[in-house]
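[1] Predicted coordinates and the sequence they were generated for:
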Amino acid sequence: MKAKEIRAKSQRELIEAEKELKAELFKLRFQLATNQLDNPMRLKEVKRSIARIKTVMREREIRGIDQ
């Protein structure tokens, strides 16, 4: 997920997207532990997407923007 896409979403959509990505990250970590992970780079992508979402949420919190 690109930063531009993230900034276009509302606060509720960001919270929902973060929940979904965290669930996906859990599943990927479980697959990694059981040696069933097909694409190990997906772990990195999901972690970065979560970080981007948290960054945008924090920026909005600091600026007082509640979309």
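    All right, it came through fine. Note that this is a predicted model, so its numbers are computed, not measured.
[2] How about residues contacting the helix or strand I62 falls within?
    Element membership for I62 (DSSP states H and E) is helix 41-63. With CB atoms under 8 Å, 6 or more residues apart in numbering as the test, helix 41-63 has contacts from 1, 3, 6-7, 11, 14-15, 17-18, 21-22, 24-25, 28-29, 32, 37, 66-67. Placement of C-beta: from N, CA and C, glycine included.
[3] what about the protein, any weak spots by pLDDT?
    For the chain, applying pLDDT under 70 flags the ranges 66-67.
[4] Name the nearest residue to A3, ignoring sequence neighbours.
    R52 (5.6 Å; CB to CB, 6 or more residues apart in numbering).
[5] Against I15, how distant is the residue nearest in space to the middle of the chain?
    Geometric centre of the chain, nearest residue: I50, 2.5 Å, by CA atoms, centre = their mean. Using CB to CB, to the nearest Å, I50 is found at 12 Å from I15.
[6] And R29, by the same measure?
    According to CB to CB, R29 and I15 sit 21 Å apart.
[7] now do G64
    17 Å.
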